[in-house]
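*Asks:* Show me the folded form of this:
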Amino acid sequence: MLVDTCTVGPGDTKLTLGAGDNECTASDSTFQGDVTVKAKDGDDTVDFGTATVTGALDVEVDGGANMVTLP
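*Replies:* The predicted model follows:
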C-alpha cells in the first residue's frame, strides 16, 4: 500500500497487513485520530516518514525482518 498525500479522518484508522512481505508507506499524509497497524509474519516495511498523526500510533509486527519508521 503506497499513499502519496491524503487526509484520513476524523476517526480511527486500522491497517491490517497479511502474511508475507508487505510495504505500507504513508508519508506526507495526515491521520486525524488514532492509527493502528498490524502486520503478520513476513518482512514488513511500515513508513510514516513525514506523516502527521493527531492521535496515538500503534504498530504491531510479527516475525520477520521488519522496519518501522515513525513520524
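*Asks:* now stretch 51-65, how far from the centre of its chain.
*Replies:* The chain centroid and the centroid of stretch 51-65 are separated by 5 Å under CA atoms, centre = their mean, to the nearest Å.
*Asks:* Which positions are bridged to the closest residue in space to T25 that isn't next to it in sequence in the beta structure?
*Replies:* With CB to CB, 6 or more residues apart in numbering as the measure, D47 is the residue that lies nearest to T25, at 4.5 Å, once sequence neighbours are left out. Where you see a C-beta, it was placed from the backbone N, CA and C, and this is true even at glycine. Beta bridges link D47 to T25, T69 when assigned by DSSP bridges.
*Asks:* correct me, but D47 touches N22?
*Replies:* No: shown here, D47 and N22 do not form a contact pair, counting by CB atoms under 8 Å, at 11.3 Å.
*Asks:* Next one, pLDDT for the residue nearest to T25 please.
*Replies:* Each residue has a pLDDT score; the one for D47 is 89.
*Asks:* what's the burial count for it?
*Replies:* D47 has 17 neighbours, counted by other CB atoms under 10 Å.
*Asks:* For the remainder of this discussion, apply numbering that starts at 840.
*Replies:* Got it, first residue is 840 now, which makes that one D886.
*Asks:* what's the spacing between it and G850?
*Replies:* Applying CB to CB, to the nearest Å, one obtains 22 Å for the distance of D886 from G850.
*Asks:* Tell me what T875 is bridged to.
*Replies:* Residues in a beta bridge with T875, per DSSP bridges, are K853, D897.
*Asks:* S866 sits in which helix or strand?
*Replies:* Secondary-structure assignment from DSSP states H and E places S866 in no helical or strand segment.
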